[in-house]
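Student: 3D, please:
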Amino acid sequence: MTTAEFFTQDLATADPDLHNHITVEESRQNEQLELIAPKNYMSRAVREAHGSILAFTSVEGYPGRRWLAGAVNLDAIERLAIKRACAMFGCSYSNVQPHSGTQANQSVFFALLEPGDRVLSMALAAGGHLSHGLKTNFSGRWFDVAHYGVHPDDGLIDYGELLDQARSFRPKLLICGGSAYPRIIDFERLREIADEVGAWLLADVAHIAGLIAGGAYPNPFPHCHVVTATTNKNLRGPRGGLVLSADAELARRIDRAVFPGVQGGPLPEYTAAKAAAFGEALKPGFKVWAHSVLRNAQALAATLTHRGYAVVTGGTDTPLVLLDLRPRGLTGDVASSALESAGIPCNKNLIPGDSQKPMVTSGLRFGTSALTTRGLRTPDFEKLAHLVADVLDQLPHIEQQTMLQVRAAVAEIAKANPLYEVPSASCPDR
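Tutor: Numbering: from 1, shown residues only. Down below sits the predicted model:
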């Protein structure tokens, strides 16, 4: 390849095999309706920042304290992202460098704990996250972790029982939030518990960060010492992590924990895309969108309940809807596979009291962030819930005619709400 070709040749010419795979994926995303909870889309502006010339730069350290030259413009971009992140959450400190939510959590562990210290977090099946102490994760291998669950009758956190457990276990870090708890968390009550036992309080708000920024969910500040989040789910930014605090001393410790503690240099193109997404989140229209995400999730939950499905906790205060499939004699792997074939991707998920293995599960998890961004409204989600139920009603052996009807309805909704430019390639039949 010549120098001229290197700088001018497009992907279709340079690597047709890879280009074809990407084109087919573009078709799939256009033709299907994503109910996968972590899924969302970036605006054209955020994508432009993400794919900018900043991808060719390298930096280590923080604005004004870099190891490499040529960082003056990157400093300005990172400071902008920091300022906007603080404005979104009403705090005084943010670190926008973590490459993922797990690395954001890892930096908090590194900043606040020593190996072997005690951590109390929500169990994975109750809604927690693997980076909060799963035995096969760094957090579970390096720290002494105990888990709290939810009440078996309603799926809600029992704060009295949690207090008793904290008094007995005496953790140094108490974690709330996770990946599958669909109700409001009482941050103030948890801070009281943390203070009583002398623990730091960390809130992982990865799945509700956008709702917090949009005023559709309670803010963990001023109650939590540290807050972590991802930037892609309902902040509509690139994949990445975020750490926030209102404590100046913790801020210094977290900065050192992120770099050079758990990672090297940040990714400047991701920092720029985060700044762009945060700027969008500070505009009035984002509040409207955030409340629509919640309203659509509640409509999805209500319609599935009407169709006779057991919604964990009886509803939702978040973008998440969890189904308990045990009353129907179904497992999550079978259900999610059928729904993907129908053009409605979601994910199998552990639920409270689940006896199935994580690759099987007794539940499904839906999220409404992506399709709300795509333009679907509450009546669309009600219709989508009926389509989901139409598929699940016939499992494990769905009739071909039902599958064709659901696919056609999905295609109609998708066509009315296109993503970016519709590509020419078509998604293979599933």
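Student: And the helices in the stretch 301-430 of the chain, which stretches?
Tutor: Applying DSSP state H, counting those that start in this stretch to the stretch 301-430 of the chain gives helices spanning 332-341, 369-374, 378-393, 400-416.
Student: go on, the stretch 51-200 of the chain?
Tutor: 72-89, 101-112, 138-142, 159-169, 187-197.
Student: Select, out of the helices of the stretch 301-430 of the chain, the one closest to residue 150.
Tutor: With respect to residue 150, and counting by C-beta to C-beta, the nearest of the helices of the stretch 301-430 of the chain is helix 332-341 at 18.1 Å. Heads up, the C-betas are built off the backbone N, CA and C, glycines and all.
Student: by contact count, what packs against that closest one?
Tutor: strand 347-349, strand 363-367, helix 378-393 (3 or more C-beta pairs under 8 Å, 6 or more residues apart in numbering; DSSP states H and E).
Student: Give me the residues contacting it.
Tutor: 35, 325, 345-349, 356, 359-364, 388, 391-392, 395-396, 398, 403, 430 (C-beta atoms under 8 Å, 6 or more residues apart in numbering).
Student: let's see 7 Å
Tutor: Residues outside helix 332-341 that contact it (C-beta atoms under 7 Å, 6 or more residues apart in numbering) are 325, 345-349, 359-364, 388, 391-392, 395-396, 398, 403, 430.
Student: Next: stretch 84-94.
Tutor: So stretch 84-94 is contacted by 82, 96, 212-213, 219, 221, 227, 242-246, 251, 275, 278-279, 281-282 (C-beta under 7 Å, 6+ apart).
Student: Can you measure across it, start residue to end residue?
Tutor: In stretch 84-94, first residue to last residue: 9 Å (C-alpha to C-alpha, to the nearest Å).
Student: quick one on the thing from earlier: please dump the helices and strands packed on helix 332-341 into JSON lines; it should also carry distance to residue 231 and mean neighbour count for every row.
Tutor: JSON lines is the format used below for the helices and strands packed on helix 332-341 (distance: least, C-beta to C-beta, whole Å; neighbours: other C-beta atoms under 10 Å):
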{"stretch": "strand 347-349", "distance to residue 231": "20", "mean neighbour count": "23"}
{"stretch": "strand 363-367", "distance to residue 231": "16", "mean neighbour count": "27"}
{"stretch": "helix 378-393", "distance to residue 231": "24", "mean neighbour count": "19"}
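Student: wait, which of those is closest to residue 55?
Tutor: strand 363-367 (28.4 Å).
Student: Show me how far the closest one is from its chain's centre.
Tutor: Relative to the centre of its chain, strand 363-367 is centred 13 Å away, using C-alpha atoms, centre = their mean, to the nearest Å.
Student: and residue 419, what does it touch?
Tutor: By C-beta under 7 Å, 6+ apart, the neighbours of residue 419 are 29-30, 41, 374.
Student: if I look at it, how far off is residue 27?
Tutor: 10 Å (C-beta to C-beta, to the nearest Å).
Student: about what we covered before: so which of the contacts of stretch 84-94 sit within strands?
Tutor: Those of the contacts of stretch 84-94 mapping onto strands are 227, 242-245, per DSSP state E.
Student: Point out where this structure drops to low pLDDT.
Tutor: By pLDDT under 70, the weakly predicted segments of the chain are 421-430.
Student: Residue 163 touches residue 193, doesn't it?
Tutor: Yes - under the criterion of C-beta atoms under 7 Å, residue 163 makes contact with residue 193 at 5.1 Å.
Student: start to end distance for stretch 238-253?
Tutor: 25 Å.
Student: Run through who's touching it.
Tutor: 42, 50, 85, 89, 91-96, 98-101, 103-104, 107-108, 111, 221-222, 225-232, 254, 258, 270, 273-274.
Student: Quick one: buried ones out of the residues you listed?
Tutor: If you count burial by 16 or more other C-beta atoms under 10 Å, the buried members of the contacts of stretch 238-253 come out as 42, 50, 85, 89, 91, 93-96, 98-101, 103-104, 107-108, 111, 221, 225-232, 254, 258, 270, 273-274.
Student: What residues does residue 29 make contact with?
Tutor: By C-beta under 7 Å, 6+ apart, the contact list for residue 29 reads residue 419.
Student: give me the element it is part of.
Tutor: helix 16-31 (DSSP states H and E).
Student: Buried residues, that helix. List them.
Tutor: Judged by neighbour count (16+ other C-beta under 10 Å), helix 16-31 contains these buried residues: 23, 26-31.
Student: so it versus helix 400-416, what angle?
Tutor: Here the directions of helix 16-31 and helix 400-416 differ by 100 degrees (axes from the mean of the first three to the mean of the last three C-alpha atoms, to 10 degrees).
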